[in-house]
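**Student:** Model the structure of this input:
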Amino acid sequence: MTPLDFRNTNALWCSVLAETLVRCGVTQAVISPGSRSTPLTMALARHPGVEAVPVLDERSAAFFALGLAKQKGRPVVLVCTSGTAGANYYPAVIEAHESGVPLIVITADRPAEMRDCSSGQTIDQQKLFGGFVTFYHELAVPQADVTLLRYLRQTVVHATDRALRGPVHLNAPFRDPLPPIADETAKALESHDWEAFFTEFLAPKPEPFMGVTLPHKGRGIVIAGPAQSTDAEAWSEAVWRFAKQRGWPVLADALNPLRSHASHETTMITAYDAILRSGTMAEKLKPDFIVCVENWPTSKVLRTWIDGLGVPVLLLTASDRNGDALHAPTRWVRCGIEDVLSAPAGDIAADVRTYTAVWGAAERAARRVIDASMADAAAFEGRIVWELAQKLPGGTPLFIANSMPVRDAEYFWPANDRELRVFVNRGANGIDGTLSTAMGVAHGNAPAVLLTGDLALLHDANGFLSVPRFNGSLTIVLVNNNGGGIFNHLPIAQFEQEFEKYWATPQSVDFARLCAAYGVSHTLVADAASLAEIAVKLPVRGVRVLEVCTDRNQDAAFRKKLFADVAAALG
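**Tutor:** As a prediction, this is how the structure comes out:
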């Protein structure tokens, strides 16, 4: 057991808290500077079982922690001082809640007698994050009392367990002295049996899931939505096994492992967004039944098609949140695809085989048009994700920013077996914290890549402040189309004067100078084709930016023509 700190009451209290976290499996903490959080910071920074990462800006710190939690799949602790510091965590807490990422947020606070009396750096921190946490609790003011320390221990154990389903918030008030200045307040507890103290409790364990058996008949499709499993291979194999035993095609979102863990025995559809833009094909491909795995897909075209079908839907998700965004005739089974007990393989009906074959033929026809267009379009920004998917080293962690990058992945990412690990913030679908989350994903990980637009990167430019303490390699592929390219696809784009000022919002930023200010390498690359060749040679460590400038108006027109070409090819 790590020795506890008996120099004063706050030190003992926080050393018990830190030891409990470590015994519950927590190994990383992201800490922003401040005075009121001093006891927490000292305890976590001095615990040998905790990697404590300092990040100046609380908003960046929260997204950095979010990235770490996504990478490891286990809770990460966030610590800040009192006042508005915790409010800067809000966007990341919302994202963690919406995507079920485990975070333990601890906001230091002043005790009750120092609130509501104009005391400095004090705001109302009670339930600061509202309904966006799975558990909230205000800890007691520290006391050197074994009974209260047992309460602290069990509360932290419970919070850590609840964090497995999303963020939790502990508000922690402290009286002076804040640093570990020795006094006699905790001295009497040194002789307590602390090993027994930490082993007398049992951490809660989940009950075993008994599984669910599903029917094995009819013309069905499997839709695999955004999912970020810590065991991508096992997750992919479970989806493929499920679909193969039913003879159904799998419509695989780019934001789950399937497109980089392709199966040669199951029909995978990657071009469904383009295929379903054809009214003829949309009607021909109507299924009898849909199984949606984890989440609804990114594609608005696919979601609209599902919404109009009116067929039964089975939603398989381990989340306890309502995932039925379409309010379809849906049966919701709370389990992961790995938990499903597949029916024994049997004869697959002829009409099912024919139905799946129609999907397969449409996929091949659409991919021929898409791949040929990509190969001929050196300057098109959508080509970047097409190239990265095929050329990045196997197993590369790839964080994809929201807006156009995530949609280009949906449209153009081809099936392959390169086992890339795709990360994205699709809980709230915002551009907040893009750089910081990617750095958290890359910290202590294999060389990683961030694919982002210019506005998403600028929105989190403070994330570069973490570069000096960053342990890893991150290549930032910056698609600079001088504004919000996604808005070019909306009807508002026809109102050019207002559109450029209030929607596209182009920014006059010299990225080479911005990078130089943070000591980050910057390279301006001629076009998408050239960028892909440079980007795939990943450095061992450090952060670099590879910038390619594109024309969002031309790219929007290119996508529109490409989708029309696919529809024409499908007849």
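**Student:** tell me the average confidence for the host helix or strand of Glu233?
**Tutor:** In the assignment (DSSP states H and E), Glu233 maps to helix 232-244. Here helix 232-244 scores 92 as its mean pLDDT.
**Student:** Tell me the helices and strands packed up against that helix.
**Tutor:** strand 220-224, strand 250-252 (3 or more C-beta pairs under 8 Å, 6 or more residues apart in numbering; DSSP states H and E). Backbone N, C-alpha and C define where each C-beta goes, glycine included.
**Student:** Give me the buried positions along the helix or strand where Thr356 lies.
**Tutor:** Taking DSSP H and E as the definition, Thr356 sits inside helix 350-376. Of the residues in helix 350-376, 352, 355-356, 359, 362-363, 365-367, 369-370, 373-374 count as buried by neighbour count, 16 or more other C-beta atoms under 10 Å.
**Student:** for Arg165, phi and psi?
**Tutor:** Backbone torsions of Arg165, given as degrees, to the nearest 10, read phi -110, psi 10.
**Student:** I'd like to know how far it sits from Phe135.
**Tutor:** Per C-beta to C-beta, to the nearest Å, Arg165 is found 9 Å from Phe135.
**Student:** Using the record's domain definitions, break this protein down for me.
**Tutor:** Domain ranges of the chain: 9-199, 212-361, 377-570, per automatic domain parsing.
**Student:** Pick out the shakiest of these, pLDDT-wise.
**Tutor:** Taking the mean pLDDT of these, domain 212-361 comes last: a mean of 86.
**Student:** What ranges does the stretch 401-550 of the chain have for its strands?
**Tutor:** Using DSSP state E, counting those that start in this stretch, the strands of the stretch 401-550 of the chain run over 421-423, 448-453, 473-480, 521-525, 542-549.
**Student:** same check, this time on the stretch 51-200 of the chain
**Tutor:** Remark: strands assigned in the stretch 51-200 of the chain by DSSP E, counting those that start in this stretch are 51-54, 76-80, 103-109, 135-138, 168-173.
**Student:** which stretch among these comes nearest Met404?
**Tutor:** strand 103-109 (27.7 Å; C-beta to C-beta).
**Student:** That closest one packs against which elements?
**Tutor:** Packing partners of strand 103-109 (3+ C-beta pairs under 8 Å, 6+ apart): helix 38-46, helix 58-72, strand 76-80, helix 90-99, helix 146-163, strand 168-173.
**Student:** Out of the ones you listed, which gets nearest to Leu465?
**Tutor:** Nearest of these to Leu465, taken as C-beta to C-beta: helix 58-72 at 6.6 Å.
**Student:** Buried residues, the helix holding Glu233. List them.
**Tutor:** Buried residues in helix 232-244, defined by neighbour count with 16+ other C-beta under 10 Å: Ala232, Trp235, Ser236, Glu237, Ala238, Val239, Trp240, Arg241, Phe242, Ala243, Lys244.
**Student:** what's the angle between that helix and strand 220-224?
**Tutor:** Orientation of helix 232-244 against strand 220-224 (axes from the mean of the first three to the mean of the last three C-alpha atoms, to 10 degrees) gives an angle of 170 degrees.
**Student:** the inter-axis angle of helix 232-244 versus helix 350-376?
**Tutor:** 130 degrees.
**Student:** got the contact list for helix 232-244?
**Tutor:** Residues from elsewhere that reach helix 232-244 (C-beta atoms under 8 Å, 6 or more residues apart in numbering): 222, 224, 227, 229, 249-250, 256-258, 260-261, 263, 265-267, 291, 293, 336-338, 340, 342, 345, 419, 421.
**Student:** could you flag which of those are buried?
**Tutor:** Applying 16+ other C-beta under 10 Å to these flags 222, 224, 227, 229, 249-250, 256-258, 260-261, 263, 266-267, 291, 293, 336-338, 340, 342, 421 as buried.
**Student:** Reformat the domains of the chain as a markdown table; add distance to Pro3.
**Tutor:** Shown next, in a markdown table, are these (distance: least, C-beta to C-beta, whole Å):
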| stretch | distance to Pro3 |
| --- | --- |
| domain 9-199 | 8 |
| domain 212-361 | 33 |
| domain 377-570 | 26 |
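**Student:** Tell me who's in contact with the closest residue in space to Asn8 that isn't next to it in sequence.
**Tutor:** Distances taken as C-beta to C-beta, 6 or more residues apart in numbering place Asp183 nearest to Asn8, at 4.9 Å, with adjacent residues excluded. Contact partners of Asp183, counting by C-beta under 8 Å, 6+ apart, are Arg7, Asn8, Pro177.
**Student:** so which of those residues is the most crowded?
**Tutor:** Of all these, the highest neighbour tally under other C-beta atoms under 10 Å goes to Asn8, namely 23 neighbours.
**Student:** In this model Ala186 seems to touch it, though I could be wrong.
**Tutor:** Yes: contact between Asn8 and Ala186 holds when scored by C-beta atoms under 8 Å: they sit 5.9 Å apart.
**Student:** will you turn the strands of the stretch 51-200 of the chain into a markdown table that also has distance to Val467 and mean neighbour count?
**Tutor:** Shown next, in a markdown table, are the strands of the stretch 51-200 of the chain (distance: least, C-beta to C-beta, whole Å; neighbours: other C-beta atoms under 10 Å):
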| stretch | distance to Val467 | mean neighbour count |
| --- | --- | --- |
| strand 51-54 | 12 | 18 |
| strand 76-80 | 19 | 28 |
| strand 103-109 | 23 | 27 |
| strand 135-138 | 33 | 18 |
| strand 168-173 | 29 | 24 |
